[in-house]
Each structure stands twice: as structure tokens, then as C-alpha cells.
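Here's my sequence, what's the structure:
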Amino acid sequence: MTASAARASIQAFAAGNRSAELAQTALGSLPGASGSMRFMCSGGRIFVAKGTKNQKSIIAEHVVARLGQLIEAPVGEVALVDIPAALRVDPTVAAMGAGLAHATLFIENITDKIGIANIDVPENRARFARLCGLYSLCGAGDPQLFYSTISPQVVYSLDHGHFFPQGPGWSAASLAAAPPALIDPYFAGANLSSAELADARNRLSTVSDQDIADIIAGPPPDWPFTDQERAALGTYLRTRRDTLLTVLPQA
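Down below sits the predicted model:
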């Protein structure tokens, strides 16, 4: 998805026009504590969904993925999934929690989680740089990188529930107490050049205060996200963006 298409979707969500994919068939759960499940949806596409049982993690999942879309980082296509009552008779589905689920389009033929790899794949150079910008902006815990198993072996970042200070336990207080943003050292192994990091900086510079406000307004009102937390997260992201624009190299 292009940044302009992502921005249009973000603005629609912020205005309350949160179109959702309708789940038709539950295709089973995925490993991990988040209780994520795959659903075949009405448009014939498969989405990986995480429900409100994840509390603050679902907010991180949604916000980080939306920011990633704005800078065209490889984070997957963001959606909401409406899970009808007929599917919630399955205890595993019911355990996801009430309301709309956060989801990303299922990506076929990818590895399990691994670290920095395939740095010599040309397509990955910009992808790693933009992920470095995203991780540095949000404050990344438990990086989750996956790679295509077919050529080219491009990198994806999925599962962002442990982002923000204190991970799934993040709060307005933990956001306010966070140290200043730095270039995330996790990507040192990718040997990113100044020019590649400058591209990440340029991408971050396009994320406006209004973009951040719209992203934060996007989660459905029944998700666990208070007005105080929304305000604190907005301040956190704006401050870190501004800091990174002084830290990252310029073209």
C-alpha cells in the first residue's frame, strides 16, 4: 500500500468510517500468547486477527502498523475484522475478546521469526532502513522479522504488540518517562549506509502531527484506549519523530 492510500484509510478511520472485513470461516489459531487467529473473510482474503483480550497490545499493533504504512515500511496491510456471533461459539474465537479485531493480511510463504538476515538482497536495503526508522520512532520490544521463503527473500515486520515502553503494560506514565529516541541498535547488523538511513529520515519527516492524531483516533471506541493514553501517545510519537529528524543523517 502506498503512503497516500494508507493516509486515506487512516483519515477514514479517524472520522469514524471504520470499514471492517467480515470473517466467514475460522482457519485456526497461530502460535503465541496473543491468541491470534486466521480468518477467511467475505472478500475471499485471509487475515490474521488479534482481539481485545490483548488490551494495550492491540493498540500498539494498530498504531505501529499504521505508522509503518505511512512510511511504506514492510508491515503488512492493516484491517479490522468483524467476527460474527456464529463464529464466536468456538471457545478459541470467543477468547479473542469482544468487538472488532485488529488484523493484517495473511502473507503466504514466510519464515518463522528470525533476526537480521538476507541483508544482501537488494530489495531489503530500503526495507530495513524504513523498519529502523519505525522501530526507533515507536520504541521496539521483541522485534519480529520474517522473510519470504521464495525469491527475493524480502523482510517483513509483523506482531508489534510489545512496542512502546513497558511493552504490553505500556501506560501514559511509561510513555512520559521514556528516554529520548535513538537509532535502534537492533539494525546494526544490517550495515545500513548514511544514504539508506537518510531515506528513512525523509519518510519520517512526512509523518505530520495531523497524521499522528488521525492514527491515534483510528482504534474503535470500545478498544481499551483512554483519552489520557491517546494524549500521552501523541506526545510520545511527536517528540520522538522530532528527535529522530535531528539524529538520522540527511541526504
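
hey, let's count contacts and neighbours off CA atoms from now on
Fine.

which one's the longest helix in this structure?
Identified as the longest helix of the chain according to DSSP state H is helix 227-247.

how about it: buried residues?
229-230, 232-238, 240-241, 244-245 (16 or more other Cα atoms under 10 Å).

same check, this time on stretch 83-101
So, applying 16+ other Cα under 10 Å, buried residues of stretch 83-101: 83, 88, 92, 93, 96, 97, 98, 99, 100, 101.

out of the residues you listed, which are inside helices?
Short answer: the buried residues of stretch 83-101 in helices (DSSP H) are 88, 92, 93.

mind putting the residues you listed in CSV, distance to residue 41 and pLDDT included?
Shown next, in CSV, are these (distance: Cα to Cα, whole Å; pLDDT from 0 to 100):
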residue, distance to residue 41, pLDDT
88, 15, 96
92, 17, 94
93, 14, 96
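
can you put the residues you listed in TSV and add distance to residue 126?
TSV is the format used below for these (distance: Cα to Cα, whole Å):
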residue	distance to residue 126
88	41
92	38
93	37
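
Kindly indicate which of these lies nearest residue 37.
residue 93 (7.7 Å; Cα to Cα).

Residue 162 reaches residue 60, doesn't it?
Yes. Using Cα atoms under 8 Å, residue 162 is in contact with residue 60, at 7.3 Å.

low pLDDT regions in the stretch 51-200 of the chain?
Across the stretch 51-200 of the chain, nothing is flagged by pLDDT under 70.

What segments of it are strands?
Secondary structure of the stretch 51-200 of the chain (DSSP state E, counting those that start in this stretch): strands at 78-82, 101-105, 145-147, 155-157.

Report all helices and strands that the last one contacts.
Put plainly, it is strand 155-157. Where contact means 3 or more Cα pairs under 8 Å, 6 or more residues apart in numbering; DSSP states H and E, strand 155-157 is packed against helix 122-138, strand 145-147.

Name the nearest residue to the residue positioned nearest the centre of the chain, sequence neighbours excluded.
For the chain, the residue nearest the mean C-alpha position is residue 65 (2.2 Å; Cα atoms, centre = their mean). Nearest residue to residue 65, sequence neighbours excluded (Cα to Cα, 6 or more residues apart in numbering): residue 75, at 5.9 Å.
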